[in-house]
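[1] for reference, the sequence and a predicted model appear below.
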Amino acid sequence: MKTDRPKVSVIVAIYMAEAYLDRCMHSLLRQTLKEIEIILVDDGSPDSSGDICDSYAVRDQRVKVIHKHNEGVALARQCGVDNMTGEYSIHVDPDDWIEPDMLEIMYTKAKSEDLDIVICGFINEFSDRSEEDRPLRDNNGHSEPIQQLLNYKISPSLSNKLIRAEIYKTTGMHFPPGLSWGEDMVACLLFFHSGATIGFIDRYLYHYDKHSNSWSLCTKFGVGQDFREFARHYIEIRNLFYDKKGISYLNDYVTNLAHRTFYYNHISSATGIRFFFHYIPVFLGSPQPVWRKINLVASALGLAPIVKPIYLFLKQFYEKEEA
């Protein structure tokens with residue numbers, strides 16, 4: 001029996017993307033998988049992005065446009081999720097583009113193996129070069145996918161992941177309002193922890209523009225800002241994780257992010273003490289190595305100039321220890 005339900009919902013959260021939106025839309029509309037819907041969420045763009053969205057909706061009935069006032073990437077993504085009708089979904093940034101057969105390849109893989117999530121490789125596009133991300137294979141390492149995610153062996157981006165739409169409902173996932181960074185990682189952690197079945201496509205199908213659009217909703221901050229942004233929403237994010245193991249994964253991520261912030265001097269001592277002090281119980285309760293937690297807690301107490309040289313000295317004795 002024929003159904004009108006799209007096979008894939010493509011969600012594009014848009015802000016100030018007039019210079020790049022045509023490139024993105026061209027790659028979506030020429031997909032070899034035709035049974036798709038493209039949900040364009042215009043997050044109050046002051047440029048002509050909204051008009052460009054409307055022009056595509058007139059030309060192709062698969063394109064749906066939602067205009068809303070500016071509230072940031074989290075709520076723009078959530079708006080797309082709330083309005084999608086596809087069997088699977090994927091988020092594409094408006095300044096990026098995808099290979100013509102990306103959705104067909106990923107959807108075919110998902111259906112043939114009854115997978116909840118399918119992950120492909122992506123290409124980082126710089127102004128002067130293109131770099132393929134590490135290849136992904138079904139036997140990618142010996143650790144569980146969630147550990148690979150926490151260690152960035154698997155990218156936390158939602159853009160290279162085709163996700164069964166029902167997972168958003170069964171996990172209760174909603175993007176925390178106001179969160180401007182890390183919303184991808186929140187979703188991936190929750191989905192991976194839920195027991196979702198995951199498969200890999202060993203091909204580079206997504207082009208991630210790393211240089212063009214400084215106004216993008218998905219432009220990332222520096223590491224110091226990352227932690228502060230994430231920390232402001234920690235309690236709300238924590239409420240999404242329904243058991244001790246899930247909270248442990250979240251705390252592991254937060255602790256590692258905090259460690260990197262101090263390790264690379266991305267935050268001043270005064271700011272660090274203010275933001276980090278309240279998270280000492282989180283750091284101590286995380287599954288991070290004890291020597292890293294000692295360094296982090298001491299740094300949060302304002303002792304970074306003293307403990308960092310000691311940490312760097314001891315670090316060489318721990319095999320494969322990474323900053």
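    Done, it's in.
[2] what mean pLDDT would you report for stretch 104-118?
    On average, the pLDDT along stretch 104-118 is 98.
[3] now stretch 189-199
    Taken as a whole, stretch 189-199 carries a mean pLDDT of 95.
[4] got the buried residues for it?
    Of all the residues in stretch 189-199, those buried under the rule 16 or more other Cβ atoms under 10 Å are 189, 190, 191, 192, 193, 196, 198, 199. In this view, the C-beta of every residue, glycine as well, is placed from N, C-alpha and C.
[5] what pLDDT does the model give the closest residue to residue 247 other than its chain neighbours?
    Setting aside the residues directly before and after it, residue 247 is nearest to residue 241 in space (Cβ to Cβ, 6 or more residues apart in numbering), at 4.8 Å. Per-residue confidence (pLDDT) for residue 241: 93.
[6] residue 241: how many residues sit nearby?
    Residue 241 has 20 neighbouring residues, counting by other Cβ atoms under 10 Å.
[7] check residue 309 too.
    That count, for residue 309 with other Cβ under 10 Å as the rule, works out to 10.
[8] ranges for the helices of the stretch 101-250 of the chain?
    Along the stretch 101-250 of the chain, the segments classed as helices by DSSP state H, counting those that start in this stretch run 102-113, 145-150, 166-171, 183-193, 223-232, 234-238, 244-263.
[9] mean confidence for the fifth one?
    For helix 223-232, the per-residue pLDDT values average out at 71.
[10] also stretch 52-63?
    Stretch 52-63 comes out with an average pLDDT of 98.
[11] got the contact list for it?
    Here stretch 52-63 makes contact (Cβ atoms under 8 Å, 6 or more residues apart in numbering) with 6, 14, 18, 21-22, 25, 29, 36-38, 40, 42, 64-65, 67.
[12] quick one, which of the residues you listed are buried?
    So, by 16+ other Cβ under 10 Å, the buried ones in those are 6, 14, 18, 21, 25, 36, 37, 38, 40, 42, 64, 65.
[13] filter those down to just the ones in strands.
    14, 36, 37, 38, 40, 42, 64, 65 (DSSP state E).
[14] mind checking pLDDT for the residue nearest to residue 227 when sequence neighbours are not counted?
    Of all residues not flanking residue 227 in the chain, residue 261 sits nearest, at 4.6 Å (Cβ to Cβ, 6+ apart). If you check residue 261, the pLDDT there is 78.
[15] to what extent is residue 261 buried, counted in neighbours?
    25.
[16] over to residue 165?
    Residue 165 has 17 nearby residues by other Cβ under 10 Å.
[17] who is the nearest residue to it once chain neighbours are set aside paired with across the strands?
    Excluding its sequence neighbours, the residue lying closest to residue 165 (Cβ to Cβ, 6+ apart) is residue 89, at 5.0 Å. Counting by DSSP bridges, residue 89 is bridged to residue 9, residue 163.
[18] look up how far residue 123 lies from residue 89.
    22 Å (Cβ to Cβ, to the nearest Å).
[19] then residue 29?
    Distance, residue 29 to residue 123, by Cβ to Cβ: 20 Å.
[20] likewise residue 228?
    Distance of residue 228 to residue 123, given as Cβ to Cβ: 30 Å.
[21] and what of residue 60?
    Noted for residue 60: a distance of 26 Å to residue 123, by Cβ to Cβ.
[22] ok, now residue 19?
    According to Cβ to Cβ, residue 19 and residue 123 sit 20 Å apart.
[23] out of these two, which sits in the more crowded spot?
    With neighbours defined as other Cβ under 10 Å, residue 19 and residue 123 compare such that residue 123 has more, 18 against 15.
[24] from residue 13, how far off is the more buried one?
    Note on residue 123: its distance to residue 13, by Cβ to Cβ, is 21 Å.
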